[in-house]
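Undergrad: sharing a sequence plus its predicted fold:
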Amino acid sequence: MLSQVVSEGNENLKIRSLAVTARIGLPLRFWKDTPFYLRYNEVKTMAESQTNPEPSVPISAWLPAVALSWIIPGGGHFLLKQYGRGAILMGSVLLTFLLGLLMRGAFFEPQSGDLLTTLIYWGGYFADMCSGIFYFLAVWMGYTQPDVAGHVHDYGTKFLVGAGLMNVLAMVDAFEIATKKKS
Amino acid sequence: MKLSLTHFEATILFALVISVVLGIVTKKTDKERLYYGLYCFGCFMGTIFGLAWLMKLGHG
């Protein structure tokens, strides 16, 4: 008797749930056939397949190498035991910086004014500073050169900035080696 | 002491050094680095000569 009641109760529950599913399921099935949903589903699947969670690298693994690369160009590579690459990068940055000094290039000083002036002078200042110890030594030893006309001075200024930008590439390379993105 | 280079010498030197650095930091094997460095240097040379001719022809 009891089992019959339970069985009838279950049947009733099943019928009611089927009715609810039919009421909700029909518009849902219709919605799932629309191009909006298909596109949404396609993008969602693509995003899920492209999501490749990489384990985060602790800051202590790369900061010393990157900081050393900035202070001493190529130094980060030496720290990471990439001696050949470190020596070539150090030599390249040093050669470019020395050529810039020998051509009497000018260091950029921060200046503000219109947007372009601010961008050029602040950008040049940061790029000069990216040469690390070479820049600081030159400044500490009293190297000054006013920005004068002439193609040699102009090239010198560009060589000094170029040396700093090359060192930025070296710093990025050191970061990638330290985080094992590159061997 | 002041180094006085012509436009051509300065650009050649800059192209040479930046090609070495780009080759070193961009590629993974030594062979790829060498080829990429040479490729970059070739591109720089092409640009230098191309722009030089363009300016010469433009100025008449």
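TA: Received it, and whenever you're ready, just let me know what you need. Numbers count the residues shown, from 1 in each chain, chains lettered A, B, ... in the order given.

Undergrad: CA only for contacts and neighbour counts going forward, please
TA: Will do.

Undergrad: pull the CA atoms of stretch B:24-34 into CSV?
TA: Extracted in CSV, the C-alpha atoms of stretch B:24-34 (Å, rounded to 0.1, in the frame of the first residue of the first chain):
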residue,chain,number,x,y,z
ILE,B,24,70.2,37.8,-30.4
VAL,B,25,67.0,38.7,-28.6
THR,B,26,64.5,37.5,-31.2
LYS,B,27,65.4,34.0,-32.2
LYS,B,28,66.1,30.8,-30.3
THR,B,29,68.9,28.9,-32.1
ASP,B,30,72.3,30.3,-33.2
LYS,B,31,71.5,29.6,-36.9
GLU,B,32,68.2,31.4,-36.7
ARG,B,33,69.9,34.3,-35.0
LEU,B,34,72.5,34.6,-37.7
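
Undergrad: show me what counts as buried in that stretch.
TA: B:24-25, B:27, B:33-34 (16 or more other C-alpha atoms under 10 Å in any protein chain shown).

Undergrad: need the worst-confidence member of these.
TA: Lowest pLDDT of the buried residues of stretch B:24-34: B:Lys27, 89.

Undergrad: got the residues of chain B near chain A?
TA: Contact residues, chain B versus chain A (C-alpha under 8 Å from any C-alpha of the partner chain): B:1-7, B:10, B:14, B:17-18, B:20-21, B:24-25, B:28.

Undergrad: which members of the buried residues of stretch B:24-34 are the farthest-apart pair?
TA: The span of the buried residues of stretch B:24-34, defined through C-alpha to C-alpha, is set by B:Val25 and B:Leu34 at 11.4 Å.

Undergrad: so where do the helices sit in chain B?
TA: Residue ranges of the helices in chain B, as given by DSSP state H, are B:7-26, B:30-59.

Undergrad: A:Val161: which of the ones you listed is closest?
TA: Proximity to A:Val161, assessed across those by C-alpha to C-alpha, is greatest for helix B:7-26 (11.6 Å).

Undergrad: chain center to that closest one, what's the gap?
TA: Relative to its chain's centre, helix B:7-26 lies at 5 Å (C-alpha atoms, centre = their mean, to the nearest Å).

Undergrad: who in chain A is up against chain B?
TA: Residues of chain A found near chain B (C-alpha under 8 Å from any C-alpha) are A:85, A:88-89, A:92, A:96, A:99, A:102-104, A:151-152, A:155, A:159, A:166, A:169-170, A:173, A:182-183.

Undergrad: burial count for the closest residue to A:Ala65 other than its chain neighbours?
TA: Distances taken as C-alpha to C-alpha, 6 or more residues apart in numbering or on different chains place A:Gly76 nearest to A:Ala65, at 4.2 Å, with adjacent residues excluded. A count of nearby residues for A:Gly76, using other C-alpha atoms under 10 Å in any protein chain shown, gives 29.

Undergrad: cool, the one 4 residues further on as well?
TA: Neighbour count for A:Leu80, taken as other C-alpha under 10 Å: 15.
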